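**Student:** have a look at this prediction, sequence included:
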Amino acid sequence: MAPRRSSPRRSPGPADLRYDFHSHTFLTDGTASPTDMWTEAAGRGHRALAITDHLAMEDPAPLLDRLRSEARAFEDSPLIPIFGVEVSMVPPRHLARVAHGARQAGAEIVIVHGESPVERTPAGTNRAAVLSGEIDVLAHPGLLSTREAELARENDVFLELSARRGHSLANGHVARTAITAGAALLVDSDAHSPRDLVPYELARRIAAGAGLPPAGVVRALRDAPRRLLRRLGKA
Ligand SMILES: [Zn+2]
Ligand SMILES: [Zn+2]
């Protein structure tokens with residue numbers, strides 16, 4: 001485990017506006033423990049970090065039990081620790097059932113590994129995710145269609161601009177399509193190690209670089225995350 005960083009009290013500033021709903025630990029394909037990830041986010045002054053380790057068809061209980069137990073250490077932290085899953089590489093016809101099972105097992109947030117431009121995600125994943133009624137965020141949805149973005153808006157699914165190499169190649173398309181459809185956007189790190197966590201200023205540049213106008217940047221970095229936090233019962 002990395003040494004725990006001291007967390008000096010910081011005056012409110014952009015770091016306090018950093019909300020991140022997508023990250024991984026060594027419980028799946030990340031490199032650090034849940035405690036290390038939340039400790040680093042807290043040390044940076046971030047407001048919220050969701051750990052969303054990968055889940056396919058297996059029993060979600062062992063993963064969620066471990067995340068829940070490590071989250072307890074942050075109950076009194078200014079950082080809001082959130083734990084859940086990223087439903088990944090599941091045949092679309094099983095996606096809603098897997099997401100529902102994760103909720104039953106205690107997931108506070110359920111996101112879906114969308115049809116990234118750089119992976120062989122099963123075709124139809126984006127559509128199944130926005131129709132499922134079970135998920136909060138469609139991560140890195142790649143070349144999603146306007147109809148899929150409209151369904152995301154109608155079903156209150158947040159669409160993700162990704163900081164992760166490869167997945168981020170479609171951010172411009174995701175932003176444009178979400179704006180056309182009126183769907184809400186977030187900027188997530190998809191961090192696989194503590195150093196991948198994205199500071200506020202980089203998140204702002206990712207949002208602006210994807211083509212969001214200034215008001216859209218504020219919505220993606222502040223308004224949409226706060227709305228999602230309220231829905232998760234965390235604010
Ligand atoms: Zn993913
Ligand atoms: Zn991920």
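**Tutor:** Perfect, thanks for sending it. Ligands and ions are numbered 1, 2, ... in the order given.
**Student:** ok, residue 176 to residue 159 distance?
**Tutor:** 11 Å (CB to CB, to the nearest Å). (C-beta placed from N, C-alpha, C; glycine too.)
**Student:** for those two, indicate the residue with more neighbours.
**Tutor:** residue 159 (28 against 15; other CB atoms under 10 Å).
**Student:** tell me which element the more buried one falls in.
**Tutor:** Under the criterion DSSP states H and E, the helix or strand holding residue 159 is strand 158-162.
**Student:** what packs against that strand?
**Tutor:** strand 137-139, helix 146-154, helix 171-181, strand 185-188 (3 or more CB pairs under 8 Å, 6 or more residues apart in numbering; DSSP states H and E).
**Student:** list the buried residues for it?
**Tutor:** Across strand 158-162, burial judged by 16 or more other CB atoms under 10 Å covers 158-162.
**Student:** who does that strand pair up with?
**Tutor:** When pairing is defined by DSSP bridges, strand 158-162 lines up against strand 137-139 (parallel), strand 185-188 (parallel).
**Student:** could you check the angle that strand makes with helix 146-154?
**Tutor:** 120 degrees (axes from the mean of the first three to the mean of the last three CA atoms, to 10 degrees).
**Student:** ligand 1 contacts on the chain?
**Tutor:** 113, 139 (CB under 5 Å from the ion).
**Student:** mind telling me which residue of the chain is nearest ligand 1?
**Tutor:** residue 113 (3.6 Å; CB to the ion).
**Student:** does residue 83 really touch residue 72, like I thought?
**Tutor:** No. Residue 83 is beyond contact range of residue 72, at 10.5 Å (criterion: CB atoms under 8 Å).
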